[in-house]
Each structure stands twice: as structure tokens, then as C-alpha cells.
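Student: Fold the following.
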Amino acid sequence: MTDNNNLARIAELRNILAQESGDSAGLLIDLENNPICSVRFDPALPGIAVQWRGYATSPQMRFVLENVIDLMARHKVSRILGDDTLLPMVHADDQEWIINDWYPRAVKAGWRVSANKVSESYFGDLTTRSVQSEAPASVVIRPFRELGEARRWLQGVSVA
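Tutor: The predicted structure follows:
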């Protein structure tokens, strides 16, 4: 079941993004097909697939991650597959927000395991690994150099 507080956060971010660039408008129109990030339920995992397509402003990143929580709760899944290949970095404020705000709510929504293809960008890889190192002990996160390898590993992980 989707949390009403999460829906309120999404609505608030939607209002902010409506005032931003055309890329933000694309994100608002279609969560799966836009220039920022593709987010979708992937029944083959089963879980949420997130593919970063480039730089994301703080509201864009938070909108994507709020929708990840919403999709996990709606589909009752505990896996996230991330393709961070083109993610250039995660800003310090967003790193703190992910660790202190998003992580606990994602766990509450059912998150238990993630696999990601690491960023090609030095700072993208550095910042995502920094954030991942602060993940709750109840969550298993594993980075990979190849997306196919990450997908296979994630599909084979048993989650309780």
C-alpha cells in the first residue's frame, strides 16, 4: 500500500519540477521515457529498474527516488536494479537526504536488496559508493561493472 506521506512528497516535487527545465517536464510526463531517468516495475526481477541517463537536479533525483518507493510499495517488491552508467554524481545534500530520509522509508516500503552497474564517471562512482556504504544493515547492495551481471545476481538473491 502506498504511503500518503510519500504521495504528498511526490506532489510537492511535481510542483517544483513543473517550474524547471524541459527535461523536468519530460520526467513528469513519463517516468519511464524521459531524458533524466527511466523508472519502471520490472516483473522479470521482480523489482524496480532505475536507469540514470545523465545529470539530475536535486528535485529531479528526489522525484525519481520517491517514485521508486511508491512503485516498491505498489508492486510489493524488495529489489532495485540500478544502471548508474551515466550518472555523473550525487550532490552532497542529496547524499545526506538519501542516507537519513530516503533509506529508512525505502526499507519501510520493503526494500531489501539492490544491484547496480557502476557509473562511468569517477565522481558518479565515488558518490554512489559513499551513499551505498551508509545503507542500513538490513539491506544488501552490490555494485557490478556489467548490468547483465547485476541483473542475474539480483534475480538469484533470496529475499525474506
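Student: Which strands and helices lie in contact with the helix or strand encompassing residue 70?
Tutor: Using DSSP states H and E, residue 70 maps to helix 58-75. Where contact means 3 or more C-beta pairs under 8 Å, 6 or more residues apart in numbering; DSSP states H and E, helix 58-75 is packed against helix 4-17, helix 22-29, strand 37-42, strand 47-52, helix 92-97, helix 103-109. Glycine gets a C-beta too; all of them are placed from N, C-alpha and C.
Student: Make JSON lines from these and add mean pLDDT to it.
Tutor: JSON lines is the format used below for the helices and strands packed on helix 58-75 (pLDDT from 0 to 100):
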{"stretch": "helix 4-17", "mean pLDDT": "85"}
{"stretch": "helix 22-29", "mean pLDDT": "88"}
{"stretch": "strand 37-42", "mean pLDDT": "98"}
{"stretch": "strand 47-52", "mean pLDDT": "98"}
{"stretch": "helix 92-97", "mean pLDDT": "98"}
{"stretch": "helix 103-109", "mean pLDDT": "97"}
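Student: wait, which of those is closest to residue 121?
Tutor: Set against residue 121 and scored by C-beta to C-beta, the helices and strands packed on helix 58-75 come closest in strand 47-52, at 10.3 Å.
Student: what lines up beside the closest one in the sheet?
Tutor: When sheet partners are counted by DSSP bridges, strand 47-52 sits next to strand 37-42 (antiparallel), strand 79-83 (parallel).
Student: Rebuild those strands as a markdown table, extending it with mean neighbour count and distance to residue 94.
Tutor: Below are the strands paired with strand 47-52 laid out as a markdown table (neighbours: other C-beta atoms under 10 Å; distance: least, C-beta to C-beta, whole Å):
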| stretch | mean neighbour count | distance to residue 94 |
| --- | --- | --- |
| strand 37-42 | 19 | 13 |
| strand 79-83 | 24 | 15 |
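Student: Among these, which comes closest to residue 141?
Tutor: strand 79-83 (8.8 Å).
Student: Output that closest one in PDB with nothing but the alpha carbons.
Tutor: What follows is strand 79-83, C-alpha atoms only, in PDB (Å, rounded to 0.1, in the frame of the first residue of the first chain):
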ATOM      1  CA  ARG A  79      14.600  -5.400  -5.200                       C
ATOM      2  CA  ILE A  80      16.100  -2.400  -7.000                       C
ATOM      3  CA  LEU A  81      18.300  -2.700 -10.100                       C
ATOM      4  CA  GLY A  82      20.200   0.500 -10.900                       C
ATOM      5  CA  ASP A  83      22.000   1.400 -14.000                       C
END
